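>>> Structural data only, the sequence is not supplied:
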Ligand SMILES: [Zn+2]
Ligand SMILES: [Zn+2]
């Protein structure tokens, strides 16, 4: 098995919807509808973890000078946390209402 990254779609294990690959060629690692991800990386993009647990979106951080909006995910199986860049300009953009809710959670708690 090669370690080549394949830019393919997937079916979300949380909401069951079909997710298309990103049109700009970067790797889509979370569902744009419910924002859930899957624990497959130790470091972002390396696909080195064999946990496979669902990762719940727990917060949003805005980095003005770096990567813009980033989603914080926490694995429901092992508790691993990771950051993912929000996909904003795509045919299937991330659900911005959910992102706003997460931002409010972050500031209220
Ligand atoms: Zn989903
Ligand atoms: Zn995990």
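The structure has been received and is ready for your questions. This one's a predicted model, so the numbers in the text were calculated from it and none came from an experiment. Numbers count the residues shown, from 1 in each chain. Ligands and ions are numbered 1, 2, ... in the order given.

>>> show me the contacts for residue 15.
Counting by C-beta atoms under 8 Å, 6 or more residues apart in numbering, residue 15 touches 31, 33, 34, 36. C-beta coordinates here come from the backbone N, C-alpha and C atoms, glycine included.

>>> rerun that using 7 Å as the cut-off
Neighbour list for residue 15: 31, 33, 34 [criterion: C-beta atoms under 7 Å, 6 or more residues apart in numbering].

>>> By neighbour count, which of those residues wins?
Highest neighbour count within those, by other C-beta atoms under 10 Å: residue 31, with 25 neighbours.

>>> that older thread, generate JSON lines for the contacts of residue 15, with secondary structure, distance to residue 71 and pLDDT as supplementary columns.
Output for the contacts of residue 15, formatted as JSON lines (DSSP: H, G, I helix; E, B strand; the rest coil; distance: C-beta to C-beta, whole Å; pLDDT from 0 to 100):
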{"residue": "31", "secondary structure": "coil", "distance to residue 71": "11", "pLDDT": "95"}
{"residue": "33", "secondary structure": "coil", "distance to residue 71": "13", "pLDDT": "96"}
{"residue": "34", "secondary structure": "coil", "distance to residue 71": "12", "pLDDT": "97"}
